[in-house]
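Colleague: structure, please.
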Amino acid sequence: MSTLDLFSPPDDVGPRDRLAQLHRELHYNAHLYYVLDAPQIPDAQYDLLFKELQALEAEHPDWVTPDSPTQRVGGKALDEFAPVRHVVPMLSIRTETDTESSGAENFDARVRRELELTEASAPIEYVAELKFDGLAINLRYERGVLVQAATRGDGETGEDVTQNIRTVGQIPLKILAPTLADARAALPLQGARFVFGRSGGETVDSSVASVAEVPDVIEVRGEVYMRRDDFDALNARQRDRIARGEKGEKTFVNPRNAAAGAVRQLDPAIAAQRPLSFFAYGVGEVSARPGELFATHMELLQTLKGWGFPVAEQVRVISGASGLVGYHRQIAQERDALPFDIDGVVYKVNSIALQQRLGFVTREPRWAVAHKYPAQEQLTTVLAIDVQVGRTGKLTPVAKLAPVFVGGVTVTNATLHNEDEARRKDVRIGDTVIVRRAGDVIPEVVSVLPEKRVADAAIFTMPHICPVCGSAAVREEGEADYRCTGGLFCSAQRKQAILHFAQRRAVEVEGLGDKLVEQLVDANVIRTLPDLYRLGLTALASLDRMAEKSAQNIVEALEKSKQTTLQRFVYGLGIRHVGEATAKELAKHFGKMDAIMDAPEDSLLGVNDIGPIVAKSIRTFFDQAHNREVVEQLRACGVTWEEGAAGSDAPKPLAGKTFVLTGTLPTLGRDAAKDLIESAGGKVSGSVSKKTNFVVAGTEAGSKLEKAVKLGVAVLDEPGLLEMLNGGT
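Modeller: Sure, this is the predicted structure:
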C-alpha cells in the first residue's frame, strides 16, 4: 500500500488491519524524520495519520500496545524511579589521557601483548568511535518491542527511565526489520549506507544489503545527548520563562547536564519538552550468541543501523597504532565543528572472536579503551573582574582567573560577555566558577558554584566611564553592550577608526591596509586620524617590509584622499549607526559639516530615515570635544569637500543627466566621482547606451570609451566633470 492509499484506504479494510497499517506507516516516517533526516511526507499528513490512530485507539482501548506511536509521550508522573538490575553489567572502560601518540600506542601494545603477537604479525584491525558527552542508556527489546530503558547507574543496577526514553524520537519503539514489518516499512534498510575510512585513506562502501533477524531479546546500548543548537534553544526558552516570572525555572550549565536532567525527570510530559537525541554503539543481553549475528563490531553497528538505530557517521575501521593516532588527531580537528559535545574517542578491537579471547580485567574490557581530549571545563577562582575595550568601542567584562589548564591550554582570563550575562550568572570576585574553552573559542565563565562562595565576594558593577580614554560609556536602548563614546580619540579603537576612515567607501587611501595600520599604531607613529596626513616618506620607509617606492605610493594616496565629499567624510568618521546611506542623507539635509556637528537631536530627527537611536548616537559623538577637535585638525591638514546649501531644494546642475565612468581619473577615485555626480542630481550607470549623456574617461579607458565614440556620446575628462559640477555646461 502506498502512502497516498493510506489517506483513502479501501472500504474493505477492517479497523484492526487499519490500525496495523497506521502503526507501520507512522513508525516508518518517524524513522525517516528523526534518524535519517529525510522526511517523505509533510508534517500535516503525518499529523492526520497520527490523529486517526488516536481515534481508533480511543474506540478500542484494549488494542493499545507499548509500541504504538501514540505511546511516545504518556503515563503519569512517577514518585521515584524503580531500580533495574542489568543482566549484562554496563561496565566502564579504561581511559587514556596521555598525548595522542602514546595513548593510542600504549593500547595497541597491550592488545598485541595479550594476544601474543610478534612484530612480524599483521596490524590489528580496530573500530574507532566518538566518546559522547551524554548519558549511557540500556534499551531492552523483547520480540522487537521496547519494553524497558535503564540508566547505567553503578554498572550493576540502574534506574528505570522507560517513560522518558519513549519521548526521544530517534529511539525506535519497535525495531524496523524484515521479520517485524512488511516490505513498505523495510525500505530504509535498502538505503542505509556506511563509508568507513581505513588507514592510508582507503574508503569502504558497505551498503547494507541484508540485516540479521532481530533476536527475541536484545539490549541496545548507547548515549542520550543534547545537540548544541537544541541546548541553546532550550536555554533561550528557559530565560524567557524566568523573565516572565515563572517559578522553578532555571537555565542549564551544559548539554550533558540538560540531557541527564531530562532523562531523570519524574514527569514524562516535562521530559518530552526537552530536545534529546540518541546514538547506538553496542549491545547488552542478547538471546542469540553475538557471534551468530555479527562477526565484527562494525557488523554489529551496521546491524543496529539497519534495524533503525542512529549510529554516528564518524565511526571508522582503522588498522594498527598509526591508524588510532591518525583518527584521534582528525577528530580533534573536527571536534568543535560537531553539532554535539564529545570528550574523547573510543578504540575497540573489531573482531568479536578476538574480543572474547582478550576478555576482561578488573571489570574492564581488555579490548576497548577511551582516549580522552583535554577537558573543556574546569573549576577555578575569580581573582578580579576587569573591563576591556574592543576595536569598536564595546566594553566587555573579563574575569581574571587563577591559572587553570582547560581545553589544552592554561587559561587566566575568561569573558563574561556583557553586564546582563555577568548579572545573570551572578559572578563575583572571589567566586569558584566553571570555565569552558572549546578549541579556539574565547574561554568563558559558564556558571558559579554558590555553595563555595566566600563571605566577602564582591559584586561586579559595569563602569560608565571608558577605562582606556575616560570618555562616557553608554548603553543604548535595546542594546546589551556598553560602548565607549570616545570614537576617534580612544586608543583602543584607534586601528579600527583609521581603517574605517581609509576604506574605499570613505575617503579612500589606496594601499593603507590592516598590516600597515597595525605597524603605524603599534610604533606610535599614528595616534589620531590627523596623524595620517602628517606622515612623511622617511617615517613610512623606515617600517618593516616597506620599500621607498611603496612609501611614496602611500604618501601620494594620502594626498589624493584629501579631496573627498561631505557624505564620505561623515561616513569615514565611524559614528555608531551612521552608514553610507545615513551619511548621504545628513550631507543632503544639512549641506555643511558645521551644521551636522551643531544639529540638536530634534533637528536630526527631521532627516530622512533617522530615528531616536541614530539621532542620539550622532549627538553623543559630537558632544565629545575630542571628536570635534579631530574634525578641525583634519580640515587643517587639508582634507576638503564641497559644501552646499541645506535642504533637498538646492540647485542640481546635473539633474536628469546619465553618466558612465571608465578608466582612472587623475585625482578623483571612481567612488568619489560617483558621489559628486549623484549629489549634483545626476545618475551613474555601469554601461554605455543611447540614453547615456556623458562618459567620463580617465587613463586606460577601455571598451566603454570606444562604444561612446561609436554612439556619439559626449566624452569628458576629470576637469570637464568638475566644471559641470560647478555649474558649467
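Colleague: what's the distance between residue 448 and residue 548?
Modeller: 58 Å (C-beta to C-beta, to the nearest Å). C-beta here means a position set from N, CA and C on the backbone, and glycine is covered the same way.
Colleague: what about these two, which has more around it?
Modeller: residue 448 (18 against 11; other C-beta atoms under 10 Å).
Colleague: look up how far residue 414 lies from the more buried one.
Modeller: On the measure of C-beta to C-beta, residue 448 and residue 414 end up 12 Å apart.
Colleague: quick check: neighbours shared by the two?
Modeller: residue 433 (C-beta atoms under 8 Å, 6 or more residues apart in numbering).
Colleague: which ones are touching residue 347?
Modeller: Per C-beta under 8 Å, 6+ apart, neighbours of residue 347: 104, 107, 126-128, 324, 368-369, 371.
Colleague: most neighbours among those residues, which one?
Modeller: Highest count within the contacts of residue 347 by other C-beta under 10 Å belongs to residue 126, 31 neighbours.
Colleague: and it, that one's in a strand?
Modeller: Yes - with DSSP: H, G, I helix; E, B strand; the rest coil as the criterion, residue 126 is located in a strand.
Colleague: what does the model give it for pLDDT?
Modeller: Note for residue 126: predicted pLDDT of 96.
Colleague: was I right to think it contacts residue 349?
Modeller: Yes - Residue 126 is within contact range of residue 349, at 6.1 Å (criterion: C-beta atoms under 8 Å).
Colleague: longest helix in the chain, please.
Modeller: helix 15-34 (DSSP state H).
Colleague: kindly export it (C-alpha atoms) in CSV.
Modeller: Presented in CSV, the C-alpha positions along helix 15-34 are these (Å, rounded to 0.1, in the frame of the first residue of the first chain):
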residue,chain,number,x,y,z
PRO,A,15,-10.3,-1.4,11.9
ARG,A,16,-7.7,-4.0,13.1
ASP,A,17,-5.9,-4.0,9.8
ARG,A,18,-6.2,-0.3,9.5
LEU,A,19,-4.5,0.1,12.9
ALA,A,20,-1.6,-2.2,11.8
GLN,A,21,-1.2,-0.1,8.6
LEU,A,22,-1.1,3.1,10.7
HIS,A,23,1.5,1.6,13.0
ARG,A,24,3.8,0.6,10.2
GLU,A,25,3.5,3.9,8.3
LEU,A,26,4.0,6.1,11.4
HIS,A,27,7.0,4.1,12.5
TYR,A,28,8.5,4.3,9.1
ASN,A,29,8.0,8.0,8.7
ALA,A,30,9.2,8.7,12.2
HIS,A,31,12.4,6.9,11.3
LEU,A,32,12.8,9.0,8.2
TYR,A,33,12.3,12.2,10.1
TYR,A,34,14.2,11.6,13.4
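Colleague: helices of the stretch 301-450 of the chain, start to end?
Modeller: Listed in chain order, the helices of the stretch 301-450 of the chain (DSSP state H, counting those that start in this stretch) span 320-334, 352-358, 419-425.
Colleague: just say helix, strand or coil for the residue nearest to residue 230 when sequence neighbours are not counted.
Modeller: Spatial nearest neighbour of residue 230, excluding adjacent residues (C-beta to C-beta, 6 or more residues apart in numbering): residue 275 at 3.8 Å. Following three-state DSSP, the label given to residue 275 is coil.
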